[in-house]
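Enquirer: Pasting the sequence and the predicted coordinates here, then a few questions.
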Amino acid sequence: MTTWLRALPKAELHLHIEGTLEPELMFALATRNGVTLPYESVEAVRAAYDFEDLPSFLGLYYQGMGVLHTQDDFYDLAMAYFARAREDGVVHVELSFDPQAHLVRGVPFEAPFEGLLAACREARSRYDISSALIMSFLRDRDPAEALEVFEQATPWHSAIDAVGLDSAERDHPPGRFAEVFARARALGIPGVAHAGEEGPAAYIREAWEALEVCRIDHGVRCLEDPELVARLSDARIPLTVCPLSNVKLKVTDTLAEHPLPALREAGLNVTLNSDDPAYFGGGMLDNYVACHEAFGWTRDDFIDMTRNALQAAFMAEERREALLERLA
Ligand code: ADE
Ligand code: ZN
């Protein structure tokens, strides 16, 4: 039934690599690194994944990533994700990671950067999955820290495809991070930002205008501001929408009530993504299948959104052309 959805050459543009940590690997890494988890079993971890909102998820997300210590841990995490992504028919992935969440635990830059870059190289040769790296800043921490972290990452600037902004959105407007996004842009590194997930449409406007981002992560609450919708639509700004995530974090009560159809009807440049698949009950294919079931979208609808993602990806032009041809 879903063979045709699997076969579409999908690009995943909104993925937190720390959010791909399945409970089995969490336990294995805890044992490897001598970390004590506050859970008895894998089943107990899964049972805890019942969230009220974004902050209630983030508590477990930051706790879970506490088992990640070494370069090998990050490599193993990403390779486990790439193997699942391949099964979903994913051909390109943009991995976002949160260096500050590791630095505060005493895990140096080298571990995530070198582990993830090695996994990206291996995924290309083993699975023909291309990738990009997005270094994200935590919006609920001091913008001066983000700037410092960006400068500390200088040896890896050439390996960063974009900078991002994530973590708790409410009461954390994006404009405070204008300086670090400008600094990245001056070095030729574009920006993306979470906005309009739990926060208001005004945060989307602010991320776009003050941070000059080229994509909005989530963005679903733009519908509250028709003038903004028209502008986003005219400018073809990609929205990296994550349907199963939005249901799990109660952005919408059910998938049937999700604003995705309205976003598409408004002419917005919508892409489908999984966000934190280990926590939200599914990867790319699960998100595609769930949307097929909830909205009755046809093959042409999914081709349209998959094309949007390929066009919005940080990807070599030659590869983009080849993948777009496979969609035709
Ligand atoms: N970090 C990981 N997942 C996130 C999400 N859905 N929103 C904001 N920050 C995140
Ligand atoms: Zn996200």
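Expert: Ah, there it is. Ligands and ions are numbered 1, 2, ... in the order given.

Enquirer: name the element E293 belongs to?
Expert: When secondary structure is defined using DSSP states H and E, the element that contains E293 is helix 284-295.

Enquirer: And for that helix, what's in contact with it?
Expert: Contact with helix 284-295 is made by 2, 5-6, 8, 10, 12, 85, 87-90, 242-244, 255-256, 258, 260-261, 272-274, 277, 282, 297, 301-302, as judged by Cβ atoms under 8 Å, 6 or more residues apart in numbering. (Glycine included, C-beta is placed from N, CA and C.)

Enquirer: Those residues in helices, which ones?
Expert: With helices defined by DSSP state H, the entries of the contacts of helix 284-295 inside them are 5-6, 85, 87, 243-244, 260-261, 277, 301-302.

Enquirer: now these as CSV including distance to I160?
Expert: Below are the ones in helices among the contacts of helix 284-295 laid out as CSV (distance: Cβ to Cβ, whole Å):
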residue, distance to I160
L5, 32
R6, 31
A85, 21
E87, 28
P243, 28
L244, 28
L260, 30
P261, 35
P277, 23
D301, 33
F302, 30
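
Enquirer: Out of those, which comes closest to A322?
Expert: Ranking those by separation from A322, with Cβ to Cβ as the measure, puts A85 on top at 18.3 Å.

Enquirer: pretty sure that closest one is touching H92, no?
Expert: No: A85 sits out of contact with H92 when judged by Cβ atoms under 8 Å, with a separation of 9.4 Å.

Enquirer: Give me the common contacts of those two.
Expert: 12, 129.

Enquirer: neighbour-wise, which of the two wins?
Expert: Set side by side, A85 and H92 give different neighbour counts by other Cβ atoms under 10 Å, the larger being at A85 (27 against 23).

Enquirer: How about the contacts made by the more buried one?
Expert: Residues touching A85, when contacts are defined by Cβ under 8 Å, 6+ apart, comprise 12, 93, 127, 129, 283-284.

Enquirer: hmm, which of the residues you listed are the buried ones?
Expert: Among the contacts of A85, those scoring as buried are 12, 93, 127, 129, 283-284 (criterion: 16 or more other Cβ atoms under 10 Å).

Enquirer: Let me know the closest of those to ligand 1.
Expert: E12 (13.7 Å; Cβ to the nearest ligand atom).

Enquirer: Could you measure from the residue of the stretch 51-200 of the chain found nearest ligand 1 over to L244?
Expert: Scanning the stretch 51-200 of the chain for the residue nearest ligand 1 gives D166, at 3.5 Å (criterion: Cβ to the nearest ligand atom). Computed as Cβ to Cβ, to the nearest Å, the D166 to L244 distance reads 17 Å.

Enquirer: One more: L103?
Expert: 30 Å.

Enquirer: Number of residues surrounding the nearest residue to L187 once chain neighbours are set aside?
Expert: Closest residue to L187 in three dimensions, ignoring its sequence neighbours and counting by Cβ to Cβ, 6 or more residues apart in numbering: H157, at 6.0 Å. Summarising burial for H157: neighbours were counted as other Cβ under 10 Å, giving 14.

Enquirer: What pLDDT is listed against H157?
Expert: For H157, the model assigns a pLDDT of 98.

Enquirer: That one should be in a strand, yeah?
Expert: No: according to DSSP: H, G, I helix; E, B strand; the rest coil, H157 belongs to no strand; its state is helix.

Enquirer: That one contacts I189, doesn't it?
Expert: Yes: using Cβ under 8 Å as the test, H157 is close enough to I189 to be in contact (6.8 Å).

Enquirer: returning to that earlier point: neighbour-wise, which of L103 and L244 wins?
Expert: Shown here are L103 and L244; by other Cβ under 10 Å, L244 has more neighbours (24 against 17).

Enquirer: That one touches L272, doesn't it?
Expert: No: L244 is not in contact with L272 according to Cβ under 8 Å; the separation is 9.7 Å.

Enquirer: All the strands of the stretch 51-200 of the chain, residue numbers only.
Expert: 90-97, 130-138, 162-166, 192-195 (DSSP state E, counting those that start in this stretch).

Enquirer: Residue numbers of this protein in contact with ligand 1?
Expert: Among all residues of the chain, those adjacent to ligand 1 (criterion: Cβ under 6 Å from any ligand atom) are 16, 19, 54, 61, 166-167, 194, 197, 245, 275-276.

Enquirer: Let me have those in CSV, extended by neighbour count, distance to Q71 and pLDDT.
Expert: As requested, the residues of the chain next to ligand 1 are arranged in CSV below (neighbours: other Cβ atoms under 10 Å; distance: Cβ to Cβ, whole Å; pLDDT from 0 to 100):
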residue, neighbour count, distance to Q71, pLDDT
H16, 25, 19, 99
G19, 22, 19, 98
L54, 22, 29, 98
Y61, 21, 21, 98
D166, 26, 22, 98
S167, 20, 24, 98
H194, 30, 27, 99
E197, 24, 31, 98
S245, 27, 28, 98
D275, 29, 25, 98
D276, 25, 22, 98
